[in-house]
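Trainee: Got a predicted structure here, sequence first:
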Amino acid sequence: MHVLVVGTGYVGLVAAAGFAEAGHTVLGVDNDPAKIEKIRKGQSPIYEPGLDDLLARHQASGRLSFSLDLRDGIAAADAAFICVGTPQSEDGSADLQYVLAVAGALGEAMAARALDAPPLVVVDKSTVPVGTATRVHAAIAARTDRPFEVVSNPEFLREGCAIDDFLKPDRVVVGCQSDHAEAVMNGLYRTFLEASQGLWLRMDPPSAELTKYAANAMLALRISFINEIAALCEKVGADVDGVKLGIGSDHRIGRHFLNPGPGFGGSCFPKDLQALLKVGRENGQPLRALEATVEANRHQKQVLTLKVKQHYGVVPGNPAPLAGRTFALWGLAFKAHTDDIREAMAMELIDGLTALGAQLVVHDFEAMPNVRAKVGDRVRYADDPMAACAGADALLIATEWPAYAAADLAAVAGLLKAKVLFDGRNLFRPEAMRALGWTYHSIGRVTLLPA
């Protein structure tokens, strides 16, 4: 099939490369000349493992190309995917200006299609609120007399493993109103579903649009729930690792998304929850559980900062205990295998501790350029994790990069002024750390002082 993908951000690039991998002919379109030039060289403008290889390989094979003009691909297209951003507006709602602008441009460009061509399937791949398919349909219909249909096909990609998620989906949700649209979509995804034995879920467009938001809201709720339980564990002397194993072994609950940590971040969960809350308010149906989830997550971002302040005896009005201290900070991205620092706990640590007079020496395997662009020289940057520890008062871990969990703790201890570790990802066992002489602060587990 011939596929037009409008937007070469995270979702658009992964979709374009993924459909090319399945053997389809794909044209990716963006209005940023510098970005298109970089992509044409096989270089992704975002960090996602495996994406550069797919971009280079399928541009070389001829299945994948990129353009600044969507008119280049619309005449032959079976489907056109809208994959542009839906940033958060001031009131929390999703800003649809880019989605609707692309819809209008598609409508105008459809003049290049033959009058007797099959209906173009226009696919909302961006994360959009309920009712967007209707608005997209209206924006296109106002500008063309050619046949088309609008489908909602939400993405369920995880940063850091998006390629695998796209090529081996556990489900494909398609909100459509005709068998023709379903047949086109099934033809695009059939190879992936056969490989993963994933589910094909046809429903109406409003249900598909709400499914995306509801899925992210449920996952966010689980994260905030286990973080709240972890905080209670610390108060009552329980171990959250045992608790999560006990509740996760219930088949009705399951073990996924029950790892305590610094709360959720990135580009999706925070924005999508606010958008869903706005939809609820507009329809007279407040989503109180999600309101609590957002508040719990806001507090969780401060959890490691609070542990540092408590350890060093910082009290309101007296930041002196941290003045002049230096901390090594491992991890800046909101999670491993990405360079995304949006809503990352590390940014809260940088703001909170530097405001109290502390200095931070930071390291991350991918996110340091993004942090440098945001905070400049407010922190120092280390080329490797060990270099960050040299002469520091303590080590803080905010991102679960596997290399951090595999670090030589004896070597780390030799570089620090004191064997003090604040672990926001529970990478180590408290009993083992105590035996090694560390003062070890983690999430949801009793802090054990050195033996």
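Mentor: Happy to help now that I have it. Numbers count the residues shown, from 1 in each chain.
Trainee: From residue 100, how far off is the nearest residue to residue 393 once chain neighbours are set aside?
Mentor: With sequence-adjacent residues excluded and distances taken as Cβ to Cβ, 6 or more residues apart in numbering, residue 393 is closest to residue 325, at 4.6 Å. Just so you know, the C-beta spots here come from the backbone N, C-alpha and C atoms, and that holds for glycine as well. With distances taken as Cβ to Cβ, to the nearest Å, residue 325 is found 51 Å from residue 100.
Trainee: Over to residue 218?
Mentor: 28 Å.
Trainee: Compare those two and say which is more crowded by neighbours.
Mentor: residue 100 (18 against 14; other Cβ atoms under 10 Å).
Trainee: pretty sure residue 181 is touching residue 149, no?
Mentor: Yes - contact status for residue 181 versus residue 149: in contact at 4.6 Å, counting by Cβ atoms under 8 Å.
Trainee: Quickly list what's touching both of those two.
Mentor: Overlap of the contact sets of residue 181 and residue 149 (by Cβ atoms under 8 Å, 6 or more residues apart in numbering) consists of 119, 121.
Trainee: If you count surrounding residues, which of the two has more?
Mentor: In terms of neighbours (other Cβ under 10 Å), residue 181 is the more surrounded of residue 181 and residue 149; the figures are 24 against 21.
Trainee: Please report phi then psi for the more buried one.
Mentor: phi -60, psi -40 (degrees, to the nearest 10).
Trainee: Show the contacting residues for it.
Mentor: With Cβ under 8 Å, 6+ apart as the criterion, the residues that contact residue 181 are 119, 121, 149, 151, 174.
Trainee: tell me which element the fourth one falls in.
Mentor: Under the criterion of DSSP states H and E, residue 151 resides in strand 148-152.
Trainee: hmm, back to that, switch the contacts of residue 181 over to TSV; also include distance to residue 416.
Mentor: Formatted as TSV, those follow (distance: Cβ to Cβ, whole Å):
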residue	distance to residue 416
119	65
121	58
149	61
151	55
174	54
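Trainee: Give the ChimeraX command for selecting the buried subset of the residues you listed.
Mentor: The following ChimeraX line selects those of the contacts of residue 181 that are buried, judged by 16 or more other Cβ atoms under 10 Å:
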select :121,149,151,174
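Trainee: Closest one of the contacts of residue 181 to residue 2?
Mentor: Nearest to residue 2 out of the contacts of residue 181 is residue 121 (Cβ to Cβ; 11.2 Å).
Trainee: Need the three-state assignment for that closest one.
Mentor: Assigned by DSSP: H, G, I helix; E, B strand; the rest coil, the conformation of residue 121 is strand.
Trainee: what's the pLDDT at it?
Mentor: On pLDDT, residue 121 comes in at 98.
Trainee: same question, residue 319
Mentor: For residue 319, the predicted pLDDT is 72.
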